[in-house]
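In: This is a predicted model, with the sequence first.
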Amino acid sequence: MSKKDIMTNWRWVMCAMLFFATTVNYMDRQVLSLTFKEFIQPEFHWTDSDYGTITGVFSIAYAIFCLFAGKFIDWMGTKKGYLWAIIVWSLGAVMHAGCGWVTESIVGLESKAALLEATGTIVSTISMVSVYLFLFCRLILGLGEAGNFPAAIKVTAEYFPKKDRAFATALFNAGASVGALAAPATIPLLAKSLGWEMAFIIIGALGFLWAGIWIFVYDKPEESKHVNEAELEYIHQDEKDAPKQEVKDEKQMSFGEAFKHKQTWSFAFGKFMTDGVWWFFLFWAPAYFQDQFGIKASDPQGIALIFTLYAIVTVVSLFGGYLPKIFVEKKGMEPYAGRMRAMLIFAFFPIFALFAQPLGGIYGPWAVAIIIGIVGAAHQSWSANIFSTTGDMFPKSAVATITGIGAMAGGIGSFLINKGSGMLFTHADKMGEAFQFFGFSGKPAGYMIIFCICAVAYLIGWTVMKSLVPKYEPVVVK
């Protein structure tokens, strides 16, 4: 066999780039959650409701931006679109570092110490001003981050045949878990030793480094000097027997047309029901361990708990992309049917969230960390497969648009759970023993309510998705 007949594997280099972008994406997102309770809340006198407002507004803004991010990526092209996305979100991440200084200037105080020691009516002013400043920075962060998954899913559709897309998506989507894993091991220590501001700056700068590499490594497979004929033939294997119209149709899909298809609504509802679960644990897990067990994010035990939680997510979720591959290759199932069967299996695991609070009271924080890790792994496995359903049913020219619509729906669900959680926890804390749910009182009762919602979200999402699209029905842009 000659050298030219040996298939290149540049598609896996692309997958690695998507993995690192997603890792940076989630680290940027998690800096706030890991610095909120210990460093930022005391400085700016925030309540849980204030934090819920910031995370909730970020989610809804992210949702709106996602709706247009997909169209932007389809219009701008993968290379330029992804580049703009990561530059914007990295800028937004770094900007958080200036919120303290700007707050001091606006309220007329001279130092961070003055913010911490403030009393009386100025406290509400500090809180309000800082919340608006952080909201502005989160909006910039969300604007850029909205482009990550539409662009990444588009790259996956460009570089992988359908049978490999869920596995490739699971691999790059593991970046979310790795980012969440690396964050507790680095961010609290950075914040403790250099200040929370430097944590935002250092983590945000990683995105600019990625952007510099992306410029040189990405081209469409047909245009890449790193992809030979053998790999190109492997990438396009689905097109051999596909209808001619389906293969060659590269027309853009309008929003109006997108919403006419039940496949769009199926994907969007699945994202709406489940994205908020992941974002809730991402934003609130560090605060939960401090509220419930008095363990700070920068404490050795706090670092170990969050690290263990996401280690479980990272390792276990890799199997999530491989399971439908087994159904397709070993059982002979059609890709969409195999994916939906895998998603049903994953939908049962979040039920363990029902036991987080009760077992935490008996066995301590490690029981909760393990349970949340299992739920998070189920989510990432589910996420890898639900993203891949867009590539199964829609032409490549519409993948980013549909992914953006789904991400918007997920963002709306995330807004509801994050803003609702902040309001619920503040209310439950004020009510104390008068607020009861399933044997818990006060803020623990509030957490129990949210855990119950998380437990059933995936089964509801899967049931509606299966009802809307019971079997594989590809969409052709007319």
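Out: Cool, got the structure. Numbering: from 1, shown residues only.
In: ok, how many other residues are close to residue 225?
Out: The local packing of residue 225 (other C-beta atoms under 10 Å) involves 7 other residues. In this view, the C-beta of every residue, glycine as well, is placed from N, C-alpha and C.
In: On the three-state scheme, it is what?
Out: coil (DSSP: H, G, I helix; E, B strand; the rest coil).
In: contacting residues around it?
Out: residue 219 (C-beta atoms under 8 Å, 6 or more residues apart in numbering).
In: what separates it from residue 418, distance-wise?
Out: When distance is defined by C-beta to C-beta, to the nearest Å, residue 225 is 45 Å away from residue 418.
In: ditto for residue 339
Out: In terms of C-beta to C-beta, residue 339 sits 28 Å off from residue 418.
In: so how far is the longest helix along the chain off the chain centroid?
Out: As assigned by DSSP state H, the longest helix anywhere in the chain is helix 396-431. How far helix 396-431 lies from its chain's middle: 11 Å, per C-alpha atoms, centre = their mean, to the nearest Å.
In: Partner strands of the helix or strand following it and their direction?
Out: Using DSSP states H and E, the helix or strand that follows helix 396-431 in sequence is strand 436-437. In the sheet, strand 436-437 lines up against strand 440-441 (antiparallel) (DSSP bridges).
In: Residues touching the partner strand, excluding its own?
Out: 357, 432-435, 447-448.
In: Let me see the contact set for residue 119.
Out: Applying C-beta under 8 Å, 6+ apart, no residues contact residue 119.
In: from now on call the first residue 303
Out: In the new numbering, first residue 303, that becomes residue 421.
In: part of a strand, is it?
Out: No. Counting by three-state DSSP, residue 421 is not part of a strand but coil.
In: how near is it to residue 427?
Out: 12 Å.
In: on that earlier part again, residues of the longest helix of the chain that come out buried?
Out: 699-728, 730-731 (16 or more other C-beta atoms under 10 Å).
In: how far is stretch 583-592 from where the chain is centred?
Out: Centre-to-centre, stretch 583-592 and its host chain are 15 Å apart (C-alpha atoms, centre = their mean).
In: C-alpha coordinates for that stretch, PDB please?
Out: The C-alpha coordinates for stretch 583-592 follow below in PDB (Å, rounded to 0.1, in the frame of the first residue of the first chain):
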ATOM      1  CA  PHE A 583     -24.900  22.300  38.800                       C
ATOM      2  CA  LEU A 584     -22.200  24.300  37.000                       C
ATOM      3  CA  PHE A 585     -23.200  27.600  38.600                       C
ATOM      4  CA  TRP A 586     -24.500  26.400  42.000                       C
ATOM      5  CA  ALA A 587     -22.500  23.400  43.000                       C
ATOM      6  CA  PRO A 588     -19.700  25.400  44.700                       C
ATOM      7  CA  ALA A 589     -22.200  27.500  46.600                       C
ATOM      8  CA  TYR A 590     -24.200  24.400  47.600                       C
ATOM      9  CA  PHE A 591     -21.200  22.800  49.300                       C
ATOM     10  CA  GLN A 592     -20.500  26.000  51.200                       C
END
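In: now what about it, what contacts it?
Out: Here stretch 583-592 makes contact (C-beta under 8 Å, 6+ apart) with 328, 331-332, 334-336, 338-340, 350, 353, 357, 482, 486, 597-599, 604, 607-608, 611, 667, 670-671, 674, 677-678, 720, 723, 749, 756.
In: And for stretch 627-644, what's in contact with it?
Out: For stretch 627-644, the external contacting residues (C-beta under 8 Å, 6+ apart) are 464-466, 468-469, 622, 625-626, 683, 687, 690-691, 694-695, 764, 767-768, 771, 773-774.
In: Residue 621: neighbour count?
Out: When neighbours are counted by other C-beta under 10 Å, residue 621 registers 15.
In: Please look at it and residue 683 and confirm they touch.
Out: Yes. Residue 621 is in contact with residue 683 according to C-beta atoms under 8 Å; the separation is 6.9 Å.
In: on that earlier part again, now the two most distant members of the contacts of strand 742-743.
Out: Pairwise distances across these (C-beta to C-beta) peak at 18.5 Å, for the pair 659 and 736.
In: Between those two, which has more neighbouring residues?
Out: When neighbours are counted by other C-beta under 10 Å, residue 659 and residue 736 differ, and residue 659 comes out ahead with 25 against 9.
In: which sections of the chain are below the confidence cut-off?
Out: The chain contains residues with pLDDT under 70 at 303-307, 542-553, 622-623, 779-780.
In: Stretch 592-602: end-to-end distance?
Out: 13 Å (C-alpha to C-alpha, to the nearest Å).
In: For it, buried residues please.
Out: 592-595, 597-601.
In: roughly how far is it from the heart of the chain?
Out: So, by C-alpha atoms, centre = their mean, the centroid of stretch 592-602 is 24 Å from its chain's centroid.
In: and what of stretch 758-769?
Out: Using C-alpha atoms, centre = their mean, the offset of stretch 758-769 from its chain centre is 19 Å.
In: can you count the residues close to residue 423?
Out: Neighbour count for residue 423, taken as other C-beta under 10 Å: 7.
In: Then the one 5 residues further on?
Out: For residue 428, the count of nearby residues is 22 (other C-beta under 10 Å).
In: Do I have it right that it meets residue 346?
Out: Yes. At 5.8 Å, residue 428 and residue 346 qualify as touching, with contact defined as C-beta under 8 Å.
In: What helices and strands are in contact with the helix or strand that contains residue 362?
Out: If you go by DSSP H and E, residue 362 is part of helix 350-378. If contacts are counted by 3 or more C-beta pairs under 8 Å, 6 or more residues apart in numbering; DSSP states H and E, helix 350-378 sits against helix 312-337, helix 380-397, helix 424-447, helix 450-461, helix 564-595, helix 698-733.
In: and it, which residues are buried?
Out: Buried residues in helix 350-378, counted by 16+ other C-beta under 10 Å: 350-376, 378.
In: just stretch 415-422 next, same as before
Out: Buried residues in stretch 415-422, counted by 16+ other C-beta under 10 Å: 417, 420.
In: What's the separation between the nearest residue to residue 383 once chain neighbours are set aside and residue 442?
Out: Nearest non-adjacent residue to residue 383, counting by C-beta to C-beta, 6 or more residues apart in numbering: residue 375, 3.9 Å away. Look at residue 375 and residue 442: by C-beta to C-beta, they are 18 Å apart.
In: With residue 333 instead?
Out: Distance from residue 333 to residue 442, by C-beta to C-beta: 14 Å.
In: Specify which residue of the two has the higher count of neighbours.
Out: Ranked by neighbour count (other C-beta under 10 Å), residue 333 and residue 442 place residue 333 first, with 27 against 19.
In: what sits against the more buried one?
Out: By C-beta under 8 Å, 6+ apart, the contact set of residue 333 is 395, 398, 485, 489, 501-502, 505.
In: that older thread, report all helices and strands that the longest helix of the chain contacts.
Out: Taking 3+ C-beta pairs under 8 Å, 6+ apart as the contact cut, helix 698-733 packs with helix 350-378, helix 450-461, helix 557-560, helix 564-595, helix 667-695, helix 745-770.
In: Indicate which one of these is closest to residue 523.
Out: helix 450-461 (5.7 Å).
In: Taking helix 312-337 as reference, get the angle to that closest one.
Out: Counting by axes from the mean of the first three to the mean of the last three C-alpha atoms, to 10 degrees, helix 450-461 lies at 170 degrees to helix 312-337.
In: in stretch 507-527, what's buried?
Out: Of all the residues in stretch 507-527, those buried under the rule 16+ other C-beta under 10 Å are 508-509, 512-513, 516, 520, 523, 526.
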